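Asks: the sequence isn't on hand, but the structure is:
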Ligand code: G6P
């Protein structure tokens, strides 16, 4: 979702801002812009095209200045247009904003009454006008006006403001939306995430919620919204700038699919020890970690929600703990009944998803025993605000469609449920040993499955020209069918639905014809026979089937049915391993449809507004 970058330096900042914006492109956006200050004059350039177009504009027209702010916008208030793109300027002030000002209509009416006119339809311009009003019309010092305006707004924001009369100072703030401060030598920066700033620094400050930062070339001061100074901690990032390059791959998504064996290895590193699960690396871990847990509530969004659905099967089967899973945007607005000894788990790649974070904050006052997050970003708000944090260690994920983050989330859930199973004595040492051995074999098993790459590329051609597709699975493979469908629709724009195969007869069977491919995930498990009956129901109605199996099925490939056999594996690994060919299928269908694989239309990687 929207990205901000800002810099105050002794060198020209336009190249730094543009590089930062290209590194934030993965978050998803529909327009972009930047504004620099030179000799107390603004140069502001904006476009509804990609960052490369903005770079070309800068090259052609020039964008001089040693202070500047820049933005990628994902439209919330007002269509994607040059007028609505950020930065917004009123008088001597320019602002970029990520988030939503919820009381913007009310503020706007009051400001119109004070004589303000608005060029754009954005809530951001209203926030800027509020700051301008307090600073210029009410005569408050800019920092005081900035803080007062922020106390007057409701909603979420990460913002950066520059005053062309005093370009030596950047004012920034965050509430509900992320930003980091990057520390250079005689230059300092701000961005929505560290990836944007890796070429210029590895030293970061992560301001808390409700922080204001005053930044010059030589100093960084952080305050609360009442301007009381806050202590800050400097953290070194171990990510390198190369971690977000495509390497030999055509797309980030393709690279991330093939990185999964290595990512899964990192996830389990140090967490399997002598045939048992060791979770001492979980932040907050103590000797009686989760000993009294009797219920689990899992809350997440998108692909992470699907991981949660798989987790429910494992928590109940391996640990005998009653579990339920909810979509965060639903959970946060209903009155949940919390049973005693309940653990609240959030799952998130970014750790900044607004609804998931809001659910965590709500849960903190609902009587849960503890909160635990499974997350890929160590410095994220979710990690910082949860009692326990288990990192997925997938490495930076840039493609909007989540791949390696999902399979590493699954592995964390498997480790956690196995751990709880042993603590709660639901599985014995032999069963625990067997699962640990399977997990140790997972990276190789994943590499072996990925060898089906070429076969899937050919298979995808059979989806050319199709507009609808059904994914079926049963039991723990049902959420994998949901995830397969989500991947396909996200990046190829083929309408796809995931269904529990047993539900087929209750509706979707009416849709079956030769134009709607049906993809089935059919590993060798106790439900295979039941699934085969469902497959026959589809065959009997002329449906075209693509069945991912492990060769044990009674079905034979024929003109109606294509069987894709994957290597045999331990059943606990099925959800992870069967996800891989579905990711590849979505990827190759997207290539055939010529869509933007890494930045699909309308989607954002990190959904920081609700
Ligand atoms: C967006 C992304 C998805 C992701 C979801 C939840 O929709 O495009 O890939 O699954 O947000 O994000 P999170 O960072 O919380 O896992």
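Replies: That came through fine. A quick note: this is a predicted structure, and the numbers were derived from the prediction, not measured. Residues are numbered from 1 along each chain as shown.
Asks: give me the helices and strands touching the helix or strand hosting residue 107, please.
Replies: In this structure, residue 107 sits in helix 104-113 according to DSSP states H and E. For helix 104-113, the elements it packs on are helix 123-132, judged by 3 or more Cβ pairs under 8 Å, 6 or more residues apart in numbering; DSSP states H and E. Just so you know, the C-beta spots here come from the backbone N, C-alpha and C atoms, and that holds for glycine as well.
Asks: what's the burial count for the closest residue to residue 457 other than its chain neighbours?
Replies: Closest residue in space to residue 457, ignoring its immediate chain neighbours: residue 588 at 4.8 Å, by Cβ to Cβ, 6 or more residues apart in numbering. Burial of residue 588 is recorded as 22 neighbouring residues (other Cβ atoms under 10 Å).
Asks: for the one 10 residues further on, same thing?
Replies: Using other Cβ under 10 Å, residue 598 has 23 other residues around it.
Asks: the one 3 residues further on now?
Replies: Look at residue 601: counted by other Cβ under 10 Å, it has 11 neighbours.
Asks: and the helix holding residue 107, what's buried?
Replies: Residues of helix 104-113 classed as buried by neighbour count (16 or more other Cβ atoms under 10 Å): 104, 107-108, 111.
Asks: quick check: angle from that helix to helix 123-132?
Replies: 50 degrees (axes from the mean of the first three to the mean of the last three Cα atoms, to 10 degrees).
Asks: got a list of what residue 166 touches?
Replies: Applying Cβ atoms under 8 Å, 6 or more residues apart in numbering to residue 166 gives the contacts residue 142.
Asks: could you do residue 91 as well?
Replies: 132, 136.
Asks: pLDDT value on it, please?
Replies: Here, the pLDDT recorded for residue 91 equals 97.
Asks: I'd like to know which elements whichever strand or helix holds residue 416 is packed against.
Replies: Here residue 416 is covered by helix 404-423, with elements defined by DSSP H and E. For helix 404-423, the elements it packs on are helix 260-268, strand 276-277, helix 302-319, strand 370-375, strand 388-391, helix 429-450, helix 574-593, judged by 3+ Cβ pairs under 8 Å, 6+ apart.
Asks: could you give the angle of that helix to helix 302-319?
Replies: Counting by the same axes, to 10 degrees, helix 404-423 lies at 20 degrees to helix 302-319.
Asks: follow-up on the earlier one: tabulate the helices and strands packed on helix 404-423 in TSV, adding columns for distance to residue 568 and mean pLDDT.
Replies: As requested, the helices and strands packed on helix 404-423 are exported to TSV (distance: least, Cβ to Cβ, whole Å; pLDDT from 0 to 100):
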stretch	distance to residue 568	mean pLDDT
helix 260-268	17	96
strand 276-277	24	96
helix 302-319	20	98
strand 370-375	28	98
strand 388-391	29	97
helix 429-450	9	97
helix 574-593	10	97
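Asks: thinking again about what came up before, quick one, the helix holding residue 416 and helix 574-593 angle?
Replies: Going by the same axes, to 10 degrees, helix 404-423 makes 170 degrees with helix 574-593.
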